[in-house]
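*Asks:* Make a model of this:
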Amino acid sequence: MTLEQLRIFVEAAHYNSFTLAADRLGLTQSAVSISIRKLEEGHNVKLFNRVGRRMVVTEAGQILLGEAERILKDVELTIKRMESYQDMGRRRAIVACSRNAYDHWMPGILARIGSKKELPDLDIVCGTAVDVAAWVMRGTADCGVSESAPGHQEFRYVGVFRDSLILCATRAWAERLRLMLPLCWNNLADCSPIIWEVGTETEVFIRDALERNGIDRRMIAHERLSLTSTAAVMSLVESGRYPALVTQSAARMLLASDELVKLGRMEIPIPYWLFAPRHREIEPLGALIAKAAAEMSNVSNTTTAPMTNGAANAGRLR
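*Replies:* Just a heads-up that it's a prediction; the model follows:
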């Protein structure tokens, strides 16, 4: 099994198509087919089934896909780490971030930090919270930023910023609440189904909040939709069909433009941590990140006031 075979397999699995994978990789369709066939024959397993005109990953293929993605990402980061030593006078540092931190916080934070002389040049990479902790532990990344405070004794960590999960909807959807009693945890099911990201770091905070308030998530979750990305959730809530629990950072621009409104004052806090091996000093970087994040939050705080009067008052959450 070679890295090239893994790359070809991952692209084919992502697109469920040898033809699209070939276009993506700049190969011929036959080259992709041959690579997959050699991989299957070499290990005596079937990685794809043909269903109509689509190629569908088998159970064995799903196992390989998860590991192949991890291996390829590790190789990519190792190469980046090695190349960071090209300029011996100023090595680039690698900061691994969880998805929400990568998408909605770190680019703006790095733009505000700018070219501080006391800092190395920074590259940011993205992974799950588990990936981030593993990369920092192995030294593939210099430090990590994620929602999960690493409890490992080999890490030192500092809090750098806070996000929160809030209930959002379009204003048109919110107006339909005018005949309802003010929403609170006890009657949250009255506006179900509510959508949110499934299988990501943020869902852990949602599940904990629902459990603390004695809410069976099956009573408010959509019975069929299991959306695994912020983009998918935001797209559906923008359509006006459902309210959604989303991070305030993800909804920031839509709240500012009044395309979405925050329903009530319910918030589920999400702390973010900067962490690194104990021998690495991270407090100066943590302070700069925290200051930049506070500046970003101050800009957005005036855009997220909940609906509190008129017909909208019925949508208030306590």
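
*Asks:* just checking, next helix/strand downstream of whichever strand or helix holds residue 72?
*Replies:* Here residue 72 sits within helix 59-83, counting by DSSP states H and E. Downstream of helix 59-83, the first helix or strand assigned by DSSP H and E is strand 93-97.

*Asks:* and the angle for that following strand with helix 59-83?
*Replies:* 150 degrees (axes from the mean of the first three to the mean of the last three CA atoms, to 10 degrees).

*Asks:* so what does strand 93-97 touch, helix or strand wise?
*Replies:* With contacts defined as 3 or more CB pairs under 8 Å, 6 or more residues apart in numbering; DSSP states H and E, strand 93-97 has these neighbours: helix 59-83, strand 122-126, helix 129-138, strand 143-146. (C-beta placed from N, C-alpha, C; glycine too.)

*Asks:* Please identify which of these is closest to residue 253.
*Replies:* strand 122-126 (19.9 Å; CB to CB).

*Asks:* helices or strands up against that closest one?
*Replies:* Strand 122-126 packs on helix 59-83, strand 93-97, helix 99-104, helix 106-113, going by 3+ CB pairs under 8 Å, 6+ apart.

*Asks:* could you redo the last one with a cut-off of 7 Å?
*Replies:* strand 93-97, helix 99-104, helix 106-113 (3 or more CB pairs under 7 Å, 6 or more residues apart in numbering; DSSP states H and E).

*Asks:* Other residues contacting the helix holding residue 72?
*Replies:* The contact list for helix 59-83, computed with CB atoms under 7 Å, 6 or more residues apart in numbering, reads 3, 6-7, 9-10, 13, 45-48, 57, 94, 123, 125, 127, 135, 140-141.

*Asks:* Now do the buried residues in that helix.
*Replies:* In terms of neighbour count (16 or more other CB atoms under 10 Å), helix 59-83 has its buried residues at 61, 64, 65, 68, 69, 73, 74, 77, 81.

*Asks:* Then stretch 238-247?
*Replies:* 238, 240, 242, 243, 244, 245, 246, 247.

*Asks:* Among those, which pair sits farthest apart?
*Replies:* In terms of CB to CB, these reach their longest pairwise distance at 240 and 247, which sit 19.9 Å apart.

*Asks:* rewinding a little: any chance of a markdown table for the helices and strands packed on strand 122-126, columns distance to residue 215, mean neighbour count and mean pLDDT?
*Replies:* Converted to a markdown table, these look like this (distance: least, CB to CB, whole Å; neighbours: other CB atoms under 10 Å; pLDDT from 0 to 100):
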| stretch | distance to residue 215 | mean neighbour count | mean pLDDT |
| --- | --- | --- | --- |
| strand 93-97 | 30 | 23 | 88 |
| helix 99-104 | 23 | 22 | 90 |
| helix 106-113 | 32 | 17 | 87 |
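
*Asks:* okay if I get these as CSV plus distance to residue 34?
*Replies:* Shown next, in CSV, are the helices and strands packed on strand 122-126 (distance: least, CB to CB, whole Å):
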stretch, distance to residue 34
strand 93-97, 35
helix 99-104, 35
helix 106-113, 40
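
*Asks:* show me what contacts the residue most central in space within the chain?
*Replies:* What sits nearest the mean C-alpha location of the chain, by CA atoms, centre = their mean, is residue 99, with 2.9 Å. Listed by CB under 7 Å, 6+ apart, the contact partners of residue 99 are 126, 200.

*Asks:* 6 Å instead?
*Replies:* By CB atoms under 6 Å, 6 or more residues apart in numbering, residue 99 lies in contact with residue 126.

*Asks:* rewinding a little: let's test this: mean pLDDT of the helix holding residue 72, rounded?
*Replies:* For helix 59-83, mean pLDDT is 81.

*Asks:* quick one: it to helix 129-138, angle?
*Replies:* 40 degrees.

*Asks:* What ranges does the chain have for its helices?
*Replies:* Applying DSSP state H to the chain gives helices spanning 3-15, 18-25, 29-43, 59-83, 99-104, 106-113, 129-138, 171-175, 201-212, 230-238, 248-256, 283-301.

*Asks:* so which of these is the most packed in?
*Replies:* Across the helices of the chain, averaging neighbours per residue (mean count of other CB atoms under 10 Å) puts helix 99-104 on top, at a mean of 22.

*Asks:* Out of the helices of the chain, the one nearest residue 159 is which?
*Replies:* helix 283-301 (7.6 Å).

*Asks:* Restrict that closest one to CA atoms and write it as CSV.
*Replies:* The C-alpha trace of helix 283-301 is given here as CSV (Å, rounded to 0.1, in the frame of the first residue of the first chain):
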residue,chain,number,x,y,z
GLU,A,283,1.7,32.5,27.7
PRO,A,284,2.9,35.4,25.4
LEU,A,285,1.2,33.9,22.4
GLY,A,286,-1.9,33.1,24.4
ALA,A,287,-2.1,36.8,25.6
LEU,A,288,-1.9,38.1,22.0
ILE,A,289,-4.6,35.6,20.8
ALA,A,290,-6.9,36.5,23.7
LYS,A,291,-6.5,40.2,23.0
ALA,A,292,-7.2,39.8,19.3
ALA,A,293,-10.2,37.6,20.1
ALA,A,294,-11.6,40.1,22.5
GLU,A,295,-11.4,42.8,19.8
MET,A,296,-13.3,40.5,17.4
SER,A,297,-16.0,39.9,20.1
ASN,A,298,-16.4,43.5,20.9
VAL,A,299,-17.1,44.3,17.2
SER,A,300,-19.8,41.6,17.0
ASN,A,301,-21.5,42.0,20.4
